[in-house]
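Q: Return a 3D structure for these sequence lines:
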Amino acid sequence: MASKILVLDDEENYTRMLRDLLEQHRYQVVTATMPEKALELLKETAFDLVVSDYKMPVMDGASFLKNARKIYPDLPVILVSGLMNTPELVKVANMSVTLVFEKPLNTQDFLQNVRRFATPLEPQNESVVSAEPEILSGDSQGSFDFPSPIYFAAECLLSRSALQQVWEASKEGEWIAFWQPEGGDAELLVKELAVWHSGDRALSSNFFEAEDIEADSGMRTLEQVLLSSTASPVFGVRVNDRPLSDLNGQKLLDFIDRDGGGKLKPVFILTESEPGESPPGSLNFANQAIRVIVVPPLVLRPSDITLYARRIAAQAVSVDRDLAENVFSEQVAFALLCHDWPGNLSELSAVIKALVKRSQDGMIQCETVRTLLAPRSDFTMPACDIPPQQRLQCYLRFRQRIFLRDWQRRNKLMASDLAQQLSMDNAESISEKELLELDLINSEWARLV
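A: Numbering: from 1, shown residues only. Okay, the predicted model is just below:
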């Protein structure tokens, strides 16, 4: 996979020049014009290289480098400056700056050194979307052409399919509502939409409650925030415990037409009231048709769980300077995957932060994971000493339990009814506990390695 490069310069024209130069050579580039925003991006996204200006107001290159090192101690950082005196050079050298280039850049030397730390896209994978050049290639199960995500984890088929729907709706200019489970990661999809819409990753994404768009005071706050030069035109509206069609959206529509020039785009976030609740087939907001896109729960996205876990751990370390960078052993990763995560990303974030605080010399202990997760889970957590060759069968049994439990809930079935559908012996007398503790219905699944 191609590398990601973060470019920071307070001069927007110079930032654009560097981005264009690097994108012409097939690198993925994320830009920021404020050091504070760049540090936020470092906490949220894995980068392979940072290219930063030195002379910046508020926080200069040395201060930025110091803070960036706290997040990723070994991340290569190239400083670019029009003029640096000897004390400044000594200062950044003592902070282990990777390279220093003077403005104007010798582009040949610059690109040659960039290649030491970053890998460009293969020519056949280049994107026609300038905002984010990498395209996730299609596979035998589907074809995807969305820009490589910055915030939303899309490492598995379900999340990629959801992201593809968002991308297609965005290209068509449709209004979108996300249907998510409790604690889901729909807000990260809103942030992806904001980047796609404006192409500017330095703009902030804002979120409001449904009540804000109905009240005069809430609308005044919303207008003040969204008309700021640092705000993305895409913003989220959280709608809880009420149908979207019940909202009085006329004030919001008037504001979009009057002051937003028609460019502002609300994205609605709807959260299911109980697990497995079916999403609405279609929605309407103030006579505006809304496309509903379902955000899959984390329990069905194992590779996304691991990506989020590592990202959250890195962020936690950057906040608490006394903590060491954490390492996830295979046992810890397996334990995280064998939890049903009813609270989704919100729960995962709370658990990982707690694990980081309890870690010893940067190592998270498997028994600590089991201690934290066992009271939260509907199922018995696997032992930490399960041999690697037995983990697949154990994980598949866990997934089978999740499927059977959710199928029961969704279809309001008794355990005996579901057992009869599965043509099981003694189906009429089977209990829910016995049903969920079954061995693999198809033992051949455990041989898929």
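
Q: Tell me the secondary structure at Ala289.
A: The assignment at Ala289 comes out as strand when based on DSSP: H, G, I helix; E, B strand; the rest coil.

Q: ok, now the one 4 residues further on?
A: For Ile293, the assignment made with three-state DSSP gives strand.

Q: Spatially nearest residue to it (excluding sequence neighbours)?
A: Gln165 (4.9 Å; C-beta to C-beta, 6 or more residues apart in numbering). Heads up, the C-betas are built off the backbone N, CA and C, glycines and all.

Q: Now do the strand or helix carrying the one you found, average pLDDT.
A: If you go by DSSP states H and E, Gln165 is part of helix 157-171. For helix 157-171, mean pLDDT is 93.

Q: What count of nearby residues applies to Ile402?
A: 17 (other C-beta atoms under 10 Å).

Q: I should have written Phe285 there, sorry.
A: Phe285 has 21 neighbouring residues, counting by other C-beta under 10 Å.

Q: Please look at it and Ile256 and confirm they touch.
A: No: contact between Phe285 and Ile256 fails when scored by C-beta atoms under 8 Å: they sit 11.7 Å apart.

Q: follow-up on the earlier one: following element in sequence after the helix holding Gln165, please.
A: strand 175-180.

Q: Provide the strand pairings for that next one, with the direction of each partner.
A: strand 265-271 (parallel), strand 288-294 (parallel) (DSSP bridges).

Q: Quick one: mean pLDDT for the last one?
A: Pointing back at strand 288-294 there. For strand 288-294, mean pLDDT is 92.

Q: list the buried ones in that strand?
A: By 16 or more other C-beta atoms under 10 Å, the buried positions in strand 288-294 come out as Ile290, Arg291, Val292, Ile293, Val294.

Q: Mind jotting down where the helices sit in the stretch 201-350 of the chain?
A: 216-226, 250-258, 302-319, 330-337, 344-358 (DSSP state H, counting those that start in this stretch).

Q: between those helices, which gets nearest to Pro149?
A: Of all these, it is helix 302-319 that lies closest to Pro149, at 10.2 Å by C-beta to C-beta.

Q: Run the chain-centre distance for that closest one.
A: 10 Å (C-alpha atoms, centre = their mean, to the nearest Å).

Q: name the helices or strands packed onto that helix?
A: In terms of contacts (3 or more C-beta pairs under 8 Å, 6 or more residues apart in numbering; DSSP states H and E), helix 302-319 is packed against helix 35-44, helix 61-71, helix 330-337, helix 344-358.

Q: Could you quantify the relative orientation of it and helix 330-337 as an angle?
A: Inter-element angle recorded for helix 302-319 and helix 330-337: 110 degrees (by axes from the mean of the first three to the mean of the last three C-alpha atoms, to 10 degrees).

Q: how about helix 302-319 as PDB, C-alpha atoms only?
A: Taking Å, rounded to 0.1, in the frame of the first residue of the first chain, the C-alpha atoms of helix 302-319 are listed here in PDB:
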ATOM      1  CA  PRO A 302     -12.700  -7.700  13.100                       C
ATOM      2  CA  SER A 303     -10.000  -6.100  11.000                       C
ATOM      3  CA  ASP A 304     -11.500  -2.700  11.800                       C
ATOM      4  CA  ILE A 305     -11.500  -3.400  15.500                       C
ATOM      5  CA  THR A 306      -7.700  -4.000  15.400                       C
ATOM      6  CA  LEU A 307      -7.100  -0.800  13.300                       C
ATOM      7  CA  TYR A 308      -9.200   1.300  15.700                       C
ATOM      8  CA  ALA A 309      -7.500  -0.300  18.800                       C
ATOM      9  CA  ARG A 310      -4.000   0.600  17.600                       C
ATOM     10  CA  ARG A 311      -5.100   4.100  16.700                       C
ATOM     11  CA  ILE A 312      -6.800   4.700  20.000                       C
ATOM     12  CA  ALA A 313      -3.800   3.400  21.900                       C
ATOM     13  CA  ALA A 314      -1.500   5.700  20.000                       C
ATOM     14  CA  GLN A 315      -3.800   8.700  20.800                       C
ATOM     15  CA  ALA A 316      -3.900   7.700  24.500                       C
ATOM     16  CA  VAL A 317      -0.100   7.600  24.700                       C
ATOM     17  CA  SER A 318       0.100  11.000  23.100                       C
ATOM     18  CA  VAL A 319      -2.200  12.500  25.700                       C
END
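
Q: picking up where we left off before, compare the helices of the stretch 201-350 of the chain and give me the one nearest Pro387.
A: Among the helices of the stretch 201-350 of the chain, the nearest to Pro387 by C-beta to C-beta is helix 330-337 (10.8 Å).
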